[in-house]
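Colleague: Fold the following.
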Amino acid sequence: MDKLRERAAAFRNLMDYEYIIKLGRKGKLTSFTINFEPLDFFHLIGLHKLTDIVNGRMPTEKIFYDCLKGHITYDQIIQSIFFEELGNRFEYFNKLEEMLDSNEIIFKCNTSTLNKFSRITADFELKNIYKALTFYLFIEKRSYSQNQYCKSFIQNDTVDYTYGQTKMTLLYKEKVNIKTNERQIQFNRLTPFSK
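Modeller: Residues are numbered from 1 along each chain as shown. Modelled structure (predicted):
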């Protein structure tokens, strides 16, 4: 299968799920739900960087479905002079669900500190080590709902984007299939163990 189409298919699979996350810090509980929509794919995988190939004025949802149908292909996007800027983000994008399923460290983002390294704004970030590479997933609240979405996904071993950020304690994580309502508790520190 075409590499870009494969990554779009991996993201399409994620669209069937939500992650319910509860975090703690100094006795205070923070809860949010992450969901996935077609328009998220464009920026998350980095297609917005390929300005010489991808028409940024086209609706991002349409670009996602064009990638999923094979109308926009890997062979086309690697022609971009900016393709190298995607780095490992593109290569490991289809591992995003696996990274979300892990129980790695979550940080609450302080935008002023984060801006020392990047123009990224986010509410939370997840740091994940995968095959000895460090990945960061930035999460932000949608402007039109209470849900959070995955805004940016980058790989960087030279800059620690968690520097100056507030480390949160993961208390609970549940993955919900929104089609079948099948629920999988992936982490639970809130319910005491029964004896």
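
Colleague: Would it be right to say that Tyr136 lies in a strand?
Modeller: Yes. Counting by DSSP: H, G, I helix; E, B strand; the rest coil, Tyr136 is part of a strand.

Colleague: how much space between it and Phe42?
Modeller: Going from Tyr136 to Phe42 by Cβ to Cβ, to the nearest Å gives 19 Å. Quick note: C-beta positions are derived from backbone N, CA and C, even for glycine.

Colleague: With Tyr65 instead?
Modeller: 11 Å.

Colleague: quick one, which of those two is more surrounded?
Modeller: Shown here are Tyr65 and Phe42; by other Cβ atoms under 10 Å, Phe42 has more neighbours (20 against 15).

Colleague: so who does the more buried one touch?
Modeller: His48, Thr60, Ile63, Phe64 (Cβ atoms under 8 Å, 6 or more residues apart in numbering).

Colleague: who wins for neighbours among the residues you listed?
Modeller: Phe64 (24 neighbours).

Colleague: Per-residue pLDDT of that one, please?
Modeller: Here the pLDDT value assigned to Phe64 is 97.

Colleague: How is it assigned, secondary-structure-wise?
Modeller: helix.

Colleague: Pull the contacting residues for it.
Modeller: Residues near Phe64 by Cβ under 8 Å, 6+ apart: Ala8, Phe11, Pro38, Leu39, Phe41, Phe42.

Colleague: And Ile34, by the same measure?
Modeller: Glu18, Tyr19, Ile21, Leu100, Ile139, Asn147, Gln148, Tyr149, Cys150 are the contacts of Ile34 under Cβ under 8 Å, 6+ apart.

Colleague: Please report how far it lies from Cys67.
Modeller: Separation of Ile34 from Cys67 (Cβ to Cβ): 21 Å.

Colleague: Provide the backbone phi and psi angles at the nearest residue to Lys167 once chain neighbours are set aside.
Modeller: Once flanking residues are discounted, Lys167 sits nearest to Phe107: 5.6 Å by Cβ to Cβ, 6 or more residues apart in numbering. Torsion angles at Phe107 (phi, psi; degrees, to the nearest 10) stand at phi -120, psi 140.

Colleague: What residues does Phe107 make contact with?
Modeller: Neighbours of Phe107 in contact, by Cβ under 8 Å, 6+ apart: Phe124, Glu125, Leu126, Lys127, Thr162, Gln165, Thr166, Lys167, Met168.

Colleague: Let me know the distance separating it from Thr169.
Modeller: When distance is defined by Cβ to Cβ, Phe107 is 11 Å away from Thr169.

Colleague: Do a quick rundown of the strands in the chain.
Modeller: Secondary structure of the chain by DSSP state E: the strands cover 17-25, 28-34, 106-108, 124-130, 133-141, 148-155, 166-177, 183-188.
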